[in-house]
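*Asks:* any chance you can model this:
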Amino acid sequence: MLTWIVLAVLGCALLVLVGAVRPVLTRLPALRRAALALQRRQGEAEALAAQAEQLQLRLAQLEQSLAATGPRPERPGDRPDRSG
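*Replies:* Predicted structure coming up:
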């Protein structure tokens, strides 16, 4: 009699374990795809950060060269600044 009770408890525990593990196992392919997409986006973000750094360096170089040349002399045909 005791063996039947032990077997019933073990069977119930096994059913609960299977019920808990099954949803996780069914989500694994979607989780893998999501992880791969995140890794791809991380690579894209790193590439964009490198490009942004290069653009900042280029901007600094252009600002230095502009400062070295001084202000541009006005020509008679230039339009006046309309900002004000």
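
*Asks:* residue 18: helix or strand, and which one exactly?
*Replies:* Element membership for residue 18, per DSSP states H and E: helix 2-69.

*Asks:* for this structure, give me the ranges with low pLDDT.
*Replies:* The chain contains residues with pLDDT under 70 at 72-73, 78-84.

*Asks:* 80 instead, please
*Replies:* For the chain, residues meeting the criterion pLDDT under 80 lie at 70-84.

*Asks:* roughly how far apart are residue 34 and residue 62?
*Replies:* Using CB to CB, to the nearest Å, residue 34 is found at 41 Å from residue 62. Just so you know, the C-beta spots here come from the backbone N, C-alpha and C atoms, and that holds for glycine as well.

*Asks:* and for residue 38?
*Replies:* Applying CB to CB to residue 38 and residue 62 gives a distance of 36 Å.

*Asks:* packing partners for the helix holding residue 18?
*Replies:* With contacts defined as 3 or more CB pairs under 8 Å, 6 or more residues apart in numbering; DSSP states H and E, helix 2-69 has no helix or strand neighbours.

*Asks:* could we number from 550 for the rest of this?
*Replies:* Okay, residue one is now 550; in that scheme the one you just asked about reads as helix 551-618.

*Asks:* from residue 572, how far out is residue 586?
*Replies:* 21 Å.

*Asks:* relative to residue 608, how far out is residue 623?
*Replies:* Distance from residue 623 to residue 608, by CB to CB: 25 Å.

*Asks:* which phi and psi does residue 624 have?
*Replies:* phi -110, psi 160 (degrees, to the nearest 10).

*Asks:* contacting residues around it?
*Replies:* Residues counted as contacts of residue 624 (CB atoms under 8 Å, 6 or more residues apart in numbering): none.

*Asks:* distance of residue 610 relative to residue 552?
*Replies:* 84 Å.

*Asks:* quick one: which of the two has more around it?
*Replies:* Comparing residue 610 with residue 552 by other CB atoms under 10 Å, the one with more neighbours is residue 610, at 10 against 7.

*Asks:* roughly how far apart are that one and residue 574?
*Replies:* Distance from residue 610 to residue 574, by CB to CB: 55 Å.
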